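1. The following block contains a protein sequence and its predicted model.
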Amino acid sequence: MTEIVTATPKGLYLETFGCQMNVSDSEKIVSLMSELGYRRVTDPALADLILLNTCSVRAKAESKVYDYLGRLRLRKLKNSRLIIGVGGCVAQQEGERLLKRVPYLDLVFGTHTLHLLPDLVLAAQRGERRSSTDFIETETRLNLFPQAADTGELTRFVTIMQGCDNFCTYCIVPYVRGREISRRSGEILGEIREMVGRGAREITLLGQNVNSYGVKSPGELHFADLLREIAAMAGIERLRFTTSHPRDISPELIACFADLPKLCGHLHLPAQSGSDAILDRMNRGYSRTEYLATVAALRRARPALAVTGDIIVGFPGESEVDFQETLSLLDEVRYVDLFSFVYSERPETAAAGFPDHLSRGVKQQRLERLQLRQREITQEICHGLVGTVQRVLLEGVSRRGDQLTGRTDANRIVNVAGDPGLIGQVVDVVISSSHPNSLLGELL
Ligand code: SF4
């Protein structure tokens, strides 16, 4: 790659859709593009380069990308030197087709070709339209994990693996992110050490299925060992990870919740359904009983563990009885929060070929019933926190600007009056009231 740094920075406007993996990739994009003299701007009108980092997990997320691209047409007509690019999961799925479908699009980069983005932008500056969406082989995996610029923030995300081998029948991830590839542990530990040196206090490890980290790499640490190595580093206050597959929660990982005080008391553990018949059709690899046994074992290790989850409603063939089993799962697990969606058919996936007799109305109604029950549970759990003392990492000033804001060990947002000099510290807070999306407290 030829490095060109322009005297006057050019504007990069970056729109990120989807999950935390994409947010993390966007940080890397900003870092890569700064080497070409681009600085991030918050107004697309000031941009010389507009990049969309996309998500295709649900049809709605994908159509948002096309709507957005449609709106950029006029901008390109007014400014022919503007470069427009699409990356992420929609780009991986569509590849060259995107260039054909959107004639004013300049470049397309996939989930494995982030590192080629500067070359694609240089080509676009020369007027060449290019797409690069090849999957990378395991042995060249270094390219898969470019580091983000270290911004000195208190809370940082670190990608430890990419892709997934599970092929749940509804999920597009193995097709757009590729098969599981674990990043080398030495590289991960090195990046975290640098972040801590620059002031990071909380690290969240990211991957589609972090629990199977290292399993396919001979001689590599396994996930529980990696957690123990990171928790032993001086300067780290808190350690989190996402996402976990329930089938891959090992006894060694459960033991980490008992042994490592720095490992936060929150776990995102997507069940997707409470019905064995649906779990089987989803190819999830566990039964309702096994899922509940895993939650129970985790809570024996860490009694106050807060669990969040994902549920898909209206999967092909879901009967009212299946749905009732999902509703009752909520009561048994008592999720503190739940991400719930109506099933969305995705191309290439096995479930796209399943007969689906449920009407849109029934699916929507089930989603509303599920979300209503979850709101009640969330409210009950949060009301139960009133009067308790919570350890809160103060991360900054609240949106209204008159309070400090931080998160509990269980990842609930807490606002509290206090001196901004406390930002960056872990403090004890008495919870005084609970609100739909946050807690209010007083410094002890
Ligand atoms: S575990 Fe299943 S749902 Fe999660 S990314 Fe892999 S295939 Fe998709």
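-> All right, it came through fine.
2. Could you tell me how far Lys262 is located from Ala234?
-> Per C-beta to C-beta, to the nearest Å, Lys262 is found 11 Å from Ala234. Every residue, glycine included, has its C-beta placed from N, CA and C.
3. Tell me which of these two has more neighbours.
-> Legend: neighbour count by other C-beta atoms under 10 Å for Lys262 and Ala234, higher for Lys262 (18 against 6).
4. give me phi/psi at the more buried one?
-> phi -70, psi -20 (degrees, to the nearest 10).
5. From Met33, how far out is it?
-> Distance from Lys262 to Met33, by C-beta to C-beta: 34 Å.
6. Shouldn't Val108 be within a strand?
-> Yes - Val108 sits within a strand when classified using DSSP: H, G, I helix; E, B strand; the rest coil.
7. Could you check the pLDDT of it?
-> For Val108, the model assigns a pLDDT of 97.
8. and what of Phe145?
-> Model confidence at Phe145 (pLDDT) stands at 79.
9. any low-confidence regions in the stretch 251-400 of the chain?
-> Of all residues in the stretch 251-400 of the chain, none has pLDDT under 70.
10. What ranges does it have for its strands?
-> For the stretch 251-400 of the chain, the strands defined by DSSP state E, counting those that start in this stretch cover 266-268, 306-313, 337-342, 389-397.
11. nearest to Gln379, of these?
-> strand 337-342 (11.3 Å; C-beta to C-beta).
12. Quick one: closest of the strands of the stretch 251-400 of the chain to Gln147.
-> strand 389-397 (22.1 Å).
13. Report the rounded mean pLDDT for the helix or strand following the closest one.
-> Sequence-wise, the next helix or strand downstream of strand 389-397 (DSSP states H and E) is strand 404-408. The pLDDT scores in strand 404-408 average 97.
14. Give me the packing partners of strand 404-408, helices and strands only.
-> strand 389-397, strand 413-416 (3 or more C-beta pairs under 8 Å, 6 or more residues apart in numbering; DSSP states H and E).
15. closest to Thr308 out of those?
-> That would be strand 413-416 among those, by C-beta to C-beta, at 13.5 Å.
16. buried sites along that closest one?
-> Val414, Asn415, Val416 (16 or more other C-beta atoms under 10 Å).
17. Out of those residues, which is nearest to the ligand?
-> Proximity of these to the ligand (C-beta to the nearest ligand atom) peaks at Val414, which lies at 30.0 Å.
18. which residues touch whichever residue of the stretch 1-150 of the chain sits closest to the ligand?
-> Of all residues in the stretch 1-150 of the chain, Val57 sits closest to the ligand, at 8.2 Å by C-beta to the nearest ligand atom. The contact partners of Val57, by C-beta atoms under 8 Å, 6 or more residues apart in numbering, come to Gly18, Cys19, Cys89, Cys171, Ile172, Val173, Ser344, Arg346.
19. can you do 6 Å?
-> By C-beta atoms under 6 Å, 6 or more residues apart in numbering, no residues touch Val57.
20. rewinding a little: as JSON lines, the helices and strands packed on strand 404-408 with distance to Ser434 would be great.
-> Shown next, in JSON lines, are the helices and strands packed on strand 404-408 (distance: least, C-beta to C-beta, whole Å):
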{"stretch": "strand 389-397", "distance to Ser434": "11"}
{"stretch": "strand 413-416", "distance to Ser434": "10"}
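21. Looking at those strands, which is nearest to the ligand?
-> Using C-beta to the nearest ligand atom, the nearest of the helices and strands packed on strand 404-408 to the ligand is strand 413-416, at 25.9 Å.
22. Kindly export the helix or strand immediately after the closest one in the chain (C-alpha atoms) in PDB.
-> Note on strand 413-416: by DSSP H and E, the next helix or strand toward the C-terminus is strand 426-434. Extracted C-alpha coordinates of strand 426-434, given in PDB (Å, rounded to 0.1, in the frame of the first residue of the first chain):
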ATOM      1  CA  VAL A 426     -14.900   2.600  40.500                       C
ATOM      2  CA  VAL A 427     -17.100   4.000  43.300                       C
ATOM      3  CA  ASP A 428     -19.800   2.600  45.600                       C
ATOM      4  CA  VAL A 429     -23.200   4.000  44.800                       C
ATOM      5  CA  VAL A 430     -26.500   3.500  46.700                       C
ATOM      6  CA  ILE A 431     -29.300   3.100  44.200                       C
ATOM      7  CA  SER A 432     -32.100   5.500  45.000                       C
ATOM      8  CA  SER A 433     -34.600   4.800  42.100                       C
ATOM      9  CA  SER A 434     -35.000   2.800  38.900                       C
END
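23. strands paired with the helix or strand following strand 426-434, and their directions?
-> On the C-terminal side of strand 426-434, the closest following helix or strand by DSSP H and E is strand 439-443. With DSSP bridges as the test, strand 439-443 is paired with strand 413-416 (parallel), strand 426-434 (antiparallel).
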